[in-house]
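# Got a predicted structure plus its sequence, pasted below:
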Amino acid sequence: MMSYRTIRQTLAMNASSLPPADQAKKEYDSRFNGYASFASGVTLGDFEVFAIGTKELQALDVRLSKNDSEINKLWNILQEAAKTSYIRDLVGNELKSSNEIEGVHSTRQEISNAINAAQNDNTHTRLSEFAHLLLNLSSAGIELPHSLEEIREIYDSVTSGEISTTDLPDGELFRAQPVHIFNGSGKKVHSGISPETQIQAKLTQWLSLIHQEDIPPIIHIAMSHYIFEYIHPFYDGNGRTGRYLLALHMSKKFSITTALSLSTVISDAKGQYAKVFDETEHILNCQDATSFCLKIGEFIATAQENIITILREKVAVLADIELRFLNLDLSLDSETILSLLMQEQLFNEYFTGFTRKELQEHMEIGSRKLMSILEPLVEQGYIITHGSRPIYYLANSELIDVQI
């Protein structure tokens, strides 16, 4: 299948005597008015952003649909405890990768603390508000933003505690001054929309776009993401906010696991992402976002295929654990607690153990009953502990002879 050529690439192969800008405008008109073109309704510079539903994008749509069906099949095999654990793991990876893209290092403990705090209304730590947003993506009531004020609210939550005072928005809702992006060599590679009145006007068009229902999923998601990042409504935190909005948008089209896996892939391919973004916004490309859509579609497919591999491996290990439990001669309650701990440890690398209070809530039993189950398991070495006030409990995977 022939790879898609951008307008600029087509011009480079054209022997026309017309000035490059005129050639580009002519090619833009041809593509934009073609029967397979999907317009965004958002004009950036002199051109409305659009993408073409090429054979490559149609093939990607089929691939993503098949991948999501396979993910759902594997997902339905898992117990609720395993599903919850894996969602927490994906959220942790999303936090870690999103920060790495911004050049910020987060420790495993920081991420674990953020996830734990996000589930406790009375606790706040670094990244906990972002973690809370990501954990809630699977909730039916979470919607894409409908107003400029909601975009700002999302930004405030995603970037809470991560933006320096000098880089906070200083306009009515967004930044009041121009902003420019430079690469590692000091070359200016992008300028965000200015002034704030124009930011608000373009984001209003963007809000209309994200709620359209007649655009194919990949094109809709990728084109919306490109436009938000191009507008660059804030001084800092645009990337994090844009990736959260991307995950939120994906959650409406794909499985929650797919929606929570893209930042990791983008982090691993930052150079590819930057290259296709730069090519898309080039003045002679006239806002043809088809190549950007293709690249985002490939990223989504990679994320899905990583999930499928991981889930297949973990489902196999889980089945092995269940077989080994048959030979341990445990009571049903003991087996339930061990199984709960093993699933957390298997599916969530950020899990540091359950407290007694958390185990009581999971088991729906009192403190005395819980201790009558835990103490023999600790004595026999099936469960190990660490910390004090509170004590955390973990399954001893080595004693059960399971490789996690």
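Everything's here; your move. Quick caveat, the model's predicted, so the values are computed rather than measured. Numbers count the residues shown, from 1 in each chain.

# Strands of the stretch 101-250 of the chain, start to end?
Using DSSP state E, counting those that start in this stretch, the strands of the stretch 101-250 of the chain run over residues 180-182, 188-191.

# Could I get the average pLDDT for the longest helix seen in the chain?
Ranked by residue count and defined by DSSP state H, the top helix of the chain is helix 290-325. Per-residue pLDDT over helix 290-325 has a mean of 94.

# Would you mark the buried spots in it?
Under the neighbour-count criterion of 16 or more other Cβ atoms under 10 Å, helix 290-325 has 290-304, 307-308, 310-311, 314-315, 317-318, 321, 325 buried. Using the backbone N, CA and C atoms, a C-beta is placed for each residue, glycine as well.

# so where's the stretch 1-150 of the chain uncertain?
1-2, 121-122 (pLDDT under 70).

# ok, which stretches of it are helices?
In the stretch 1-150 of the chain, the helices defined using DSSP state H, counting those that start in this stretch lie at 7-12, 20-32, 55-75, 80-101, 108-118, 128-135, 148-158.

# got the angle for the longest one vs helix 128-135?
When axes from the mean of the first three to the mean of the last three Cα atoms, to 10 degrees is applied, the directions of helix 80-101 and helix 128-135 differ by 130 degrees.

# What of the third one?
On the basis of the same axes, to 10 degrees, helix 55-75 is oriented at 90 degrees to helix 128-135.

# contacting residues around helix 55-75?
1, 3-4, 51, 83, 216-219, 254-255, 257-258, 290, 293-294, 297-298, 300-301, 304-305, 307-308, 311-312, 315 (Cβ atoms under 8 Å, 6 or more residues apart in numbering).

# can you rerun that using 6 Å?
With contact meaning Cβ atoms under 6 Å, 6 or more residues apart in numbering, helix 55-75 is reached by 218, 254, 255, 257, 294, 297, 300, 301, 304, 307, 308, 311.

# likewise the fifth one?
For helix 108-118, contacts defined as Cβ under 6 Å, 6+ apart pick out 88, 92, 95-96, 123, 125, 127-128, 131-132, 135, 350, 352.

# Return the member of the residues you listed nearest to residue 330.
If you rank the contacts of helix 108-118 by distance to residue 330 using Cβ to Cβ, residue 352 comes first, at 23.9 Å.

# Got the confidence number for that closest one?
Residue 352 carries a pLDDT value of 89.

# So which of the strands of the stretch 101-250 of the chain is nearest residue 22?
Using Cβ to Cβ, the nearest of the strands of the stretch 101-250 of the chain to residue 22 is strand 188-191, at 24.1 Å.

# Sheet partners, orientation included, of the closest one?
Strand pairing for strand 188-191, using DSSP bridges, gives strand 180-182 (antiparallel).

# Any chance you could list what contacts the strand it pairs with?
Contact with strand 180-182 is made by 188, 189, 190, 191, as judged by Cβ under 6 Å, 6+ apart.

# Show me the beta-bridge partners of the third one.
Partner residues in beta bridges with residue 190: residue 181, with DSSP bridges as the criterion.

# Tally up the residues packed near it, please.
Residue 190 has 16 neighbours, counted by other Cβ atoms under 10 Å.

# gap between it and residue 310?
Residue 190 is 35 Å from residue 310, where distance means Cβ to Cβ, to the nearest Å.

# and stretch 31-48, how far apart are its ends?
This stretch, stretch 31-48, spans 12 Å end to end (Cα to Cα, to the nearest Å).

# Stretch 113-123 too?
Termini of stretch 113-123 sit 10 Å apart (Cα to Cα).

# ditto for stretch 120-129
Start-to-end, stretch 120-129 (Cα to Cα) is 11 Å.

# State the pLDDT value of residue 194.
96.

# which one is it nearest to, not counting chain neighbours?
Nearest residue to residue 194, sequence neighbours excluded (Cβ to Cβ, 6 or more residues apart in numbering): residue 178, at 4.3 Å.

# Would you confirm that that neighbour contacts residue 192?
No: counting by Cβ atoms under 6 Å, residue 178 sits too far from residue 192 to count as a contact (7.1 Å).

# And the two? Which one has more around it.
Between residue 178 and residue 192, counted using other Cβ under 10 Å, the more crowded position is residue 192 (21 against 11).

# That one and residue 233 touch, don't they?
No: counting by Cβ under 6 Å, residue 233 is not a contact partner of residue 192; they are 7.2 Å apart.
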